[in-house]
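[1] I would like the atomic coordinates for the input below:
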Amino acid sequence: MKTYSLFCRMALLVVGVVVAHVAMAEKPTITGRFSKESVEVGDHVDYIIDIEKDRATEIGIPDFDGNPTPEDVRKEREAKRSMSTYEVYDEDIFELVEDYPLDTVAVDGRHLHLRKRYTLAVMETGEIPLRPTILYFEKNRDVPDTLYAEDTLRLKVKSYAELDTTLFLKADPTSEQGFGVDGELAAEKLRDEGIHTQKELPFIFAEVRDYVSYGAIALIVLGLVAWLLAWYIRRIVSRRAAIIRPGPKIPPHVVAIKALGELKNRKLWQNGKYKQYYTALTDILRVYISGRWGIGAMEMTTDEIIAALKDVHLALDNRTSLVAIMRTADMVKFAKAEPAAEENEDNYTKAYYFVENTKPVEENRIEGKAEITIDTNIEE
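    Predicted coordinates for the structure are as follows:
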């Protein structure tokens with residue numbers, strides 16, 4: 001009898017140890033979701049991770065911080081060397097807006113339901129996949145493992161083409177611009193949003209009958225006042241035009257050189273403001289190109305500016321310099337690139353000589369003036 005009792009106790013002990021080992025070995029489970037299924041580029045979206053785990057299990061939470069300190073960078077490199085499964089989220093796609101504390105949603109004995117929430121700004125377009133991930137520190141292991149959710153999340157981000165109002169334009173050879181507005185497409189889009197154009201609504205004369213007589217009198221009075229005002233303005237302008245002579249128009253290259261000097265004194269890229277620096281640098285060149293050749297560069301993309309200048313006589317080195325500046329600026333503004341100091345200075349120099357070497361020929365034929373090259377020093 002005692003032997004049987006001892007056997008039962010040993011059996012229960014073995015079962016308890018097995019059950020405890022299984023419970024201890026159970027890995028956490030994770031699921032994730034976005035607060036919205038689709039957004040526009042630059043919009044904010046909440047990213048939520050739900051974690052089911054044992055109270056004693058240690059985990060690591062993803063970090064979306066887009067401005068790491070040197071110490072953070074050092075720790076990240078060490079983590080990559082020691083953890084083969086370590087992952088860092090792409091900061092070019094998501095930019096952290098707010099990081100909320102890890103929240104305990106429910107407690108069931110040793111079982112915890114945790115929730116982590118981030119508010120992110122979406123910086124890319126298209127369908128962005130993101131698989132929820134955490135680090136799992138398994139018992140008796142020095143190196144953590146990466147746990148993934150079963151499903152990959154997909155966030156639809158509208159592309160620039162979908163947000164561009166030029167979708168309503170169509171080719172029109174009869175117009176001076178070569179294009180016109182597609183009225184049918186615009187009306188279709190408005191109907192999809194529940195808005196109807198005025199021409200689709202029935203006209204009811206009784207609704208405006210009481211206003212016709214008053215409207216006619218008001219139009220006559222306004223027309224008379226407008227005629228008198230226009231006559232008076234023409235008379236004043238014609239008198240002043242005989243006395244006031246407009247001053248000479250400042251040449252585009254003079255405006256550009258002055259603006260470049262002011263930009264250099266602002267020391268933007270030296271203070272980490274790369275986007276502001278390249279935006280100002282390319283805006284100066286766009287204004288110069290508009291004034292020099294009559295090209296609407298301020299409303300054009302880089303590719304459109306390059307195409308518009310194909311018929312303009314430019315030396316190869318000047319054309320190459322302009323393309324290099326505009327391409328670098330695009331990388332800084334849209335891909336968050338941070339060019340080296342030498343490249344920033346070089347692009348400024350290229351911009352200066354592009355203006356100097358392409359200004360009107362009459363300005364370049366001053367007697368005794370040396371030819372400007374890329375090796376000529378710019379006056380401070």
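[2] For residue 215, list the residues it contacts.
    If you count contacts by CB atoms under 8 Å, 6 or more residues apart in numbering, residue 215 has none. For every residue, glycine as well, the C-beta is placed using N, CA and C.
[3] measure stretch 296-307 end to end?
    Using CA to CA, to the nearest Å, the end-to-end distance of stretch 296-307 comes to 12 Å.
[4] Mind listing residues that contact that stretch?
    283, 285-287, 289-290, 295, 308, 322-323, 326-327, 329-330.
[5] can you pull the buried residues of it?
    Buried residues in stretch 296-307, defined by neighbour count with 16 or more other CB atoms under 10 Å: 297, 300, 302, 305.
[6] quick one: which of these sit in strands?
    Assigned to strands by DSSP state E, none of those qualify.
[7] Could you dump those into JSON lines with pLDDT added?
    Listed next are those as JSON lines, based on pLDDT from 0 to 100:
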{"residue": "297", "pLDDT": "87"}
{"residue": "300", "pLDDT": "91"}
{"residue": "302", "pLDDT": "90"}
{"residue": "305", "pLDDT": "91"}
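[8] how about the strands of the stretch 101-250 of the chain, start to end?
    Taking DSSP state E, counting those that start in this stretch as the test, the strands found in the stretch 101-250 of the chain are 103-108, 111-122, 126-130, 133-137, 145-148, 153-158, 169-171, 179-181.
[9] Make a markdown table out of the ones you listed and add mean neighbour count, distance to residue 354 and mean pLDDT.
    Shown next, in a markdown table, are these (neighbours: other CB atoms under 10 Å; distance: least, CB to CB, whole Å; pLDDT from 0 to 100):
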| stretch | mean neighbour count | distance to residue 354 | mean pLDDT |
| --- | --- | --- | --- |
| strand 103-108 | 10 | 56 | 88 |
| strand 111-122 | 18 | 35 | 88 |
| strand 126-130 | 13 | 35 | 83 |
| strand 133-137 | 18 | 47 | 78 |
| strand 145-148 | 16 | 50 | 78 |
| strand 153-158 | 17 | 36 | 85 |
| strand 169-171 | 12 | 31 | 64 |
| strand 179-181 | 13 | 30 | 64 |
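[10] Going by distance to residue 132, which of the buried residues of stretch 296-307 wins?
    When the buried residues of stretch 296-307 are compared for distance to residue 132 (CB to CB), residue 302 wins out at 37.3 Å.
[11] so how far is residue 293 from that closest one?
    Look at residue 302 and residue 293: by CB to CB, to the nearest Å, they are 16 Å apart.
[12] so where is this protein shaky, pLDDT-wise?
    1-25, 63-92, 139-143, 159-183, 185-213, 240-247, 362-380 (pLDDT under 70).
[13] okay, now the domains of it?
    23-161, 165-198, 252-364 (automatic domain parsing).
[14] Most tightly packed of these?
    Highest mean neighbour count among those (mean count of other CB atoms under 10 Å): domain 252-364, with a mean of 16.
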